[in-house]
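Participant: okay, structure incoming, though there's no sequence with it:
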């Protein structure tokens with residue numbers, strides 16, 4: 001994976017209901033209030049590539065097609081949005097990244113190592129956090145039924161997704177934070193990781 005030296009690239013991961021979107025948006029707001037330039041983004045993006053896969057080519061989808069589609073979407077996301085912001089000194093907070101592809105497409109049947117290989121040219125984040133919550137709690141937390149990928153929100157499937165995330169934690173690719181606790185506690189831990197990364201970067 002490539003390494004970016006300017007700005008700070010932060011990724012938040014987790015199953016639906018882990019709180020990652022709320023935490024990511026709150027983090028951006030807080031960082032701005034501290035005087036940092038910060039921007040929220042998300043994956044999969046709303047690119048034409050993703051929408052074509054979801055609509056026109058929906059009947060042909062499988063774990064491999066999804067993984068390749070999301071990898072292409074990701075590389076464009078990096079080139080068009082993430083890297084330009086980092087080069088301007090922004091803290092970029094991404095709600096999902098290639099770890100989601102590994103978790104969800106592996107849970108759908110693609111080998112972990114293959115999905116990692118497909119994404120090996122993705123930009124390496126400075127901070128990559130997995131917000132861990134059990135699937136029952138996560139799905140019960142969801143307040144909206146609106147989703148672009150309802151096929152990924154079935155309980156049995158979500159258990160498989162969580163197991164892959166935990167494997168990525170064991171491999172040292174993600175830092176795990178217990179997301180079963182209150183929002184304030186979880187947010188505090190996330191912010192501390194980011195502020196520590198900023199301090200480390202300023203002294204390197």
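Facilitator: It's in. Being a predicted model, the structure only gives us computed values, none of them experimental. Numbers count the residues shown, from 1 in each chain.
Participant: for the rest of this, base every contact and every neighbour count on C-alpha atoms.
Facilitator: Noted.
Participant: quick one, helices of the chain?
Facilitator: The residue ranges that make up the helices of the chain, judged by DSSP state H, are 20-33, 48-54, 63-77, 83-87, 98-107, 112-118, 135-141, 155-170, 183-203.
Participant: flag the shaky bits of this structure, pLDDT-wise.
Facilitator: Low-confidence segments of the chain, defined by pLDDT under 70, span residues 1-5, 143-153, 204.
Participant: closest to the centroid, which residue in it?
Facilitator: Taking CA atoms, centre = their mean, the centroid of the chain lies closest to residue 96, which sits 1.6 Å from it.
Participant: hmm, residue 40 and that residue touching each other?
Facilitator: No - because the distance of 10.9 Å does not satisfy CA atoms under 8 Å, residue 96 is recorded as not touching residue 40.
Participant: pretty sure residue 142 sits against residue 19.
Facilitator: No - between residue 142 and residue 19 there is no contact under CA under 8 Å: 9.2 Å.
Participant: these two: which has the busier surroundings?
Facilitator: Neighbour tally, residue 142 and residue 19, criterion other CA atoms under 10 Å: the higher count belongs to residue 19, 23 against 13.
Participant: got phi/psi on that one?
Facilitator: For residue 19, the backbone dihedrals are phi 100, psi 10 (criterion: degrees, to the nearest 10).
Participant: next: residue 46.
Facilitator: With angles defined as degrees, to the nearest 10, residue 46 shows backbone torsions of phi -100, psi 30.
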